[in-house]
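Q: Show me how the following folds:
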Amino acid sequence: MWLIDAFLRQSTTNQIAIVAVVVAAISGIVVPVVLRSRHKKIEPAPEVGIGRVEGDGIVIGDNANVTVDKRPGADAETWERIIKLAEDKGRAEQKAEYWEQEAEYWRRENAIRGAQRTEKLVAEGGSRPDAEEALRAWRQGDLSRLQELLIRERDKHPDQPVQRNREIAAIAYLRGDIDVAKSAIERVFAIDPNDLPAINQKGLICIMQGKLAEAERTYIRIQEISVKTNDEIWKAIALGNLGLIYLARGDLSRGEESLGQALEINQKVGRLEGVADQYSNLGLIYQATGDLGHAEQMFLKSLEINKGLGRSEVIAKNYGNLGIISQIKGDLEHAEKLHETALSLDKKLGRLSGMTRHYGNLGLLYRTRGDLDKAEQMYLTSLEIAEKLGWQETVAINYNNLGVIYRTRGDLEKAEQMHLKSLAIAVKLDSKKIIASACGNLGLNYLTRNDLDNAESMLSKSLEINENLGQLEGVAECYANLGQVYRKQGAFDKAEQVILKSLEINKKLLRSEGVADGYANLGLLYIDKGDFNNAESMHLKSLEINKKIGRLEGVAADYENLGVIYLRKGDLDEAEQRFKESLEITESRGMNERTASLHINLGSLYEQRGDVAKTRECLESALALYRQIGIAHMVEKIQGWLDKLAKE
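A: Next up is the predicted model:
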């Protein structure tokens with residue numbers, strides 16, 4: 001008899017076209033709105049409800065304020081410090097490109113100005129082969145010559161120093177040349193230390209690097225200057241971005257306070273655009289606590305406002321966020337429609353930045369369904385667009401996502417190549433959050449290979465980075481995955497210790513999905529120990545939470561795990577009922593990989609009953625699904641089982 005562990009809750013740092021995602025919990029692209037310095041006043045805002053804007057990425061953490069033991073088994077004092085950080089906090093499943101919308105605008109605007117400046121050099125006549133070559137290379141996607149030319153021109157000509165340096169900073173960041181980008185911004189500060197757009201741009205660079213402490217100081221500075229100059233719009237911008245920083249750290253109460261203040265200012269000055277954006281960002285609070293109904297309500301309110309304002313780009317993002325809520329709930333059909341609507345809008349707008357995100361979200365959706373070919377296609381499309389845009393962070397994230405696809409198929413060598421590519425880009429960008437993600441995924445690769453020593457090493461490295469970033473959600477995920485390593489090593493006590501630590505952090509962060517997964521992981525551990533009563537208790541707790549938050553993928557997994565327990569206890573009728581309850585969900589939601597595993601477990605059950613015909617029927621169904629989704633090693637195993645049955 002062959003039995004599948006129904007739902008091993010690995011925290012795969014799976015990122016969407018700017019997005020990171022925990023495998024056990026669907027996450028998508030959720031990007032708060034970062035305000036730009038557009039002093040555009042609108043007629044006074046009517047009373048409106050709550051809404052919020054979408055995006056994508058991976059969790060952003062702070063690289064400064066947490067000092068903890070770097071080993072998986074931290075001492076009691078260290079552990080207390082970690083838990084203390086999490087108290088009174090909830091945590092949005094944020095995607096690292098929260099601020100990509102703002103950065104995209106800044107980089108695109110200034111990079112285009114740099115290109116136009118170069119075109120002007122050619123148009124003015126004279127021999128400028130360097131300018132012509134820079135433009136030719138730029139059109140082919142190579143920005144290096146354009147950057148070099150603009151630096152030479154800046155150094156030769158004293159006019160427009162602020163704008164020249166903004167152009168250089170934008171192009172340098174697009175190329176991943178962070179040092180040059182920061183140097184150019186510093187030159188602006190040397191001319192005017194209170195240049196608010198430059199300060200804002202510096203904050204964005206810090207955010208993208210995961211340097212939230214420095215970003216916080218930057219926006220506090222903007223806030224102080226705006227108070228002195230009585231500039232309400234800049235004050236709202238500073239408060240809004242500070243709110244997102246606190247949200248990224250998991251400090252929901254402080255984040256809510258800052259976002260609420262930003263909302264109040266926008267209402268006061270009649271800036272409906274800001275009202276919609278801050279309602280949207282406040283919506284992250286509710287998603288963080290698992291209140292998906294309230295979160296959805298806010299997204300719909302934001303959509304209503306943005307439709308009234310005709311903000312097509314943001315409307316597309318609203319649909320993307322609503323799609324993510326549906327994904328979390330397990331309504332994949334509705335989620336797909338919403339993501340397709342968002343994608344269609346951005347295609348009409350010719351907005352590549354939105355398209356790369358939507359393709360990434362669709363990739364996650366198809367992966368959840370078990371349609372790996374479609375998921376791969378979506379990630380590759382997202383990757384292609386990101387490369388055209390020069391979005392190195394997004395390129396790195398897509399490589400990570402592709403690695404997860406290849407690992408799922410059993411192609412561990414190709415998966416490793418993808419994660420190493422992601423890691424190389426992340427190191428170049430000094431993006432510690434993506435470094436942590438790539439290390440975590442490499443650790444899961446080794447875990448799949450049963451190379452437990454290397455798995456422990458990579459997961460411990462990811463844990464170390466997450467601890468240093470103060471990224472508690474990442475810390476919890478690493479503990480959970482290390483628990484799987486220790487479980488495979490037979491170190492059950494050690495496994496239980498780290499899984500409980502993960503569970504405790506998720507409880508403090510109010511992460512309902514993480515709590516459910518923690519109980520499920522404990523249940524799997526107790527199954528291994530033969531403690532079926534405690535295993536059943538844990539999976540029932542997980543089931544209760546998943547039902548409460550409407551997370552159908554989790555409900556299906558819990559039913560399957562309970563079926564495994566009853567099957568091992570010999571209660572075949574109860575096991576069959578649970579498997580079929582799970583199957584009803586997975587088949588209706590197109591969760592092909594989960595459906596395949598259920599057919600295997602039902603095949604095991606019928607084999608115990610001696611029903612060869614039903615056993616063969618289930619295995620053939622599983623075989624067809626695994627062939628369809630391209631998981632070769634499972635095809636081989638099931639075919640071997642069928643061959644064995646044929647000989648009996």
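
Q: Spell out the residue ranges of the helices in the stretch 351-500 of the chain.
A: 352-369, 372-389, 392-409, 412-429, 432-448, 452-469, 472-489, 492-508 (DSSP state H, counting those that start in this stretch).

Q: Could you export the ones you listed as a markdown table, including mean pLDDT and mean neighbour count?
A: In short, each C-beta sits where N, CA and C put it, glycine included. Output for those, formatted as a markdown table (pLDDT from 0 to 100; neighbours: other Cβ atoms under 10 Å):
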| stretch | mean pLDDT | mean neighbour count |
| --- | --- | --- |
| helix 352-369 | 88 | 28 |
| helix 372-389 | 90 | 20 |
| helix 392-409 | 89 | 27 |
| helix 412-429 | 91 | 19 |
| helix 432-448 | 90 | 26 |
| helix 452-469 | 92 | 22 |
| helix 472-489 | 92 | 26 |
| helix 492-508 | 94 | 21 |
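
Q: Reformat those helices as a markdown table; add distance to Asp528.
A: Output for those, formatted as a markdown table (distance: least, Cβ to Cβ, whole Å):
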| stretch | distance to Asp528 |
| --- | --- |
| helix 352-369 | 26 |
| helix 372-389 | 28 |
| helix 392-409 | 22 |
| helix 412-429 | 23 |
| helix 432-448 | 15 |
| helix 452-469 | 15 |
| helix 472-489 | 6 |
| helix 492-508 | 7 |
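
Q: Any idea which of those gets closest to Ala184?
A: With Cβ to Cβ as the measure, helix 412-429 is the member of the helices of the stretch 351-500 of the chain nearest Ala184 (16.5 Å).

Q: so where's the chain uncertain?
A: Along the chain, the model assigns pLDDT under 70 to residues 1-115, 122, 124-126, 139-142, 173-176, 208-210, 249-250, 288-290.

Q: Give the next helix or strand downstream of the helix or strand containing Glu593.
A: Glu593 is located in helix 592-609, with elements delineated by DSSP states H and E. Once helix 592-609 ends, the next helix or strand along the chain (criterion: DSSP H and E) is helix 612-629.

Q: Mind giving me the packing neighbours of the following helix or strand past that next one?
A: As assigned by DSSP H and E, the chain's next helix or strand after helix 612-629 is helix 632-647. Counting contacts by 3 or more Cβ pairs under 8 Å, 6 or more residues apart in numbering; DSSP states H and E, helix 632-647 packs against helix 592-609, helix 612-629.

Q: Mean neighbour count, these: which tops it?
A: The highest mean neighbour count among the helices and strands packed on helix 632-647, using mean count of other Cβ atoms under 10 Å, belongs to helix 592-609: a mean of 23.

Q: and the angle from it to helix 632-647?
A: Here the directions of helix 592-609 and helix 632-647 differ by 20 degrees (axes from the mean of the first three to the mean of the last three Cα atoms, to 10 degrees).

Q: Kindly calculate the angle that helix 592-609 makes with helix 352-369.
A: Going by the same axes, to 10 degrees, helix 592-609 makes 0 degrees with helix 352-369.

Q: what's the angle from the helix holding Glu593 to helix 392-409?
A: 20 degrees.

Q: Report all helices and strands that helix 592-609 contacts.
A: Against helix 592-609 (3+ Cβ pairs under 8 Å, 6+ apart) you get helix 552-569, helix 572-588, helix 612-629, helix 632-647.

Q: Same list (those helices) but as TSV, adding distance to Glu496.
A: Listed next are the helices and strands packed on helix 592-609 as TSV, based on distance: least, Cβ to Cβ, whole Å:
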stretch	distance to Glu496
helix 552-569	17
helix 572-588	24
helix 612-629	32
helix 632-647	29
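
Q: of all those helices, which gets the most neighbours per residue?
A: Taking mean count of other Cβ under 10 Å, helix 552-569 is the most buried of those, at a mean of 24.

Q: helices or strands next to that one in the packing?
A: Looks like helix 552-569 contacts helix 512-529, helix 532-548, helix 572-588, helix 592-609 (3+ Cβ pairs under 8 Å, 6+ apart).

Q: need those in a markdown table with distance to Asn401, can you?
A: Listed next are the helices and strands packed on helix 552-569 as a markdown table, based on distance: least, Cβ to Cβ, whole Å:
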| stretch | distance to Asn401 |
| --- | --- |
| helix 512-529 | 19 |
| helix 532-548 | 24 |
| helix 572-588 | 22 |
| helix 592-609 | 16 |
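
Q: Determine which of these approaches Leu642 most closely.
A: The nearest among the helices and strands packed on helix 552-569, by Cβ to Cβ, is helix 592-609 at 9.5 Å.

Q: Nearest to Leu259, out of the helices of the stretch 351-500 of the chain?
A: Using Cβ to Cβ, the nearest of those to Leu259 is helix 472-489, at 19.4 Å.

Q: Taking their axis directions, the closest one and helix 492-508 sit at what angle?
A: Helix 472-489 and helix 492-508 are oriented at 160 degrees to each other (the same axes, to 10 degrees).

Q: Next, the angle helix 432-448 makes with helix 472-489.
A: Going by the same axes, to 10 degrees, helix 472-489 makes 10 degrees with helix 432-448.

Q: Tell me the helices and strands packed up against helix 472-489.
A: helix 76-86, helix 432-448, helix 452-469, helix 492-508, helix 512-529.

Q: Can I get these in CSV including distance to Ala396?
A: Formatted as CSV, the helices and strands packed on helix 472-489 follow (distance: least, Cβ to Cβ, whole Å):
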stretch, distance to Ala396
helix 76-86, 27
helix 432-448, 5
helix 452-469, 15
helix 492-508, 25
helix 512-529, 24
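
Q: so which of these comes closest to Ile565?
A: Nearest of those (Cβ to Cβ): helix 512-529, 6.3 Å.

Q: rewinding a little: let's have the helices and strands packed on helix 632-647 in JSON lines, adding distance to Tyr406.
A: Shown next, in JSON lines, are the helices and strands packed on helix 632-647 (distance: least, Cβ to Cβ, whole Å):
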{"stretch": "helix 592-609", "distance to Tyr406": "14"}
{"stretch": "helix 612-629", "distance to Tyr406": "13"}
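
Q: Trp138 is nearest to which of those helices?
A: Here helix 612-629 is closest among those (Cβ to Cβ), at 40.6 Å.

Q: roughly how far is that closest one from the heart of the chain?
A: Taking Cα atoms, centre = their mean, to the nearest Å, one finds the center of helix 612-629 at 33 Å from the center of the full chain.

Q: That one to helix 352-369, inter-axis angle?
A: 170 degrees.

Q: name the helices or strands packed onto helix 612-629?
A: helix 592-609, helix 632-647.

Q: can you put those helices in TSV and add distance to Gly354?
A: Compiled in TSV, those are given as follows (distance: least, Cβ to Cβ, whole Å):
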stretch	distance to Gly354
helix 592-609	28
helix 632-647	35
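
Q: Report whether the expected contact of Leu252 with Gln287 is present.
A: No. Assessed by Cβ atoms under 8 Å, Leu252 is found out of contact with Gln287, at 10.7 Å.

Q: before we move on, back to that, please identify which of the helices and strands packed on helix 632-647 is closest to Asp277.
A: Nearest to Asp277, of all the helices and strands packed on helix 632-647, is helix 592-609, at 36.9 Å by Cβ to Cβ.

Q: I'd like to check the angle between the closest one and helix 372-389, please.
A: 160 degrees.

Q: centre of the chain versus helix 592-609, how much separation?
A: The answer for helix 592-609 is 32 Å, by Cα atoms, centre = their mean.

Q: what angle separates that helix from helix 572-588?
A: Put simply, helix 592-609 runs at 160 degrees to helix 572-588, going by the same axes, to 10 degrees.

Q: now the closest residue to Gly330 other than its chain neighbours: how far from Thr368?
A: Among residues not flanking Gly330 along the chain, Leu552 sits closest, at 2.5 Å (Cβ to Cβ, 6 or more residues apart in numbering). According to Cβ to Cβ, to the nearest Å, Leu552 and Thr368 sit 10 Å apart.

Q: same thing with Ser604?
A: From Ser604 to Thr368 the distance is 24 Å (Cβ to Cβ).
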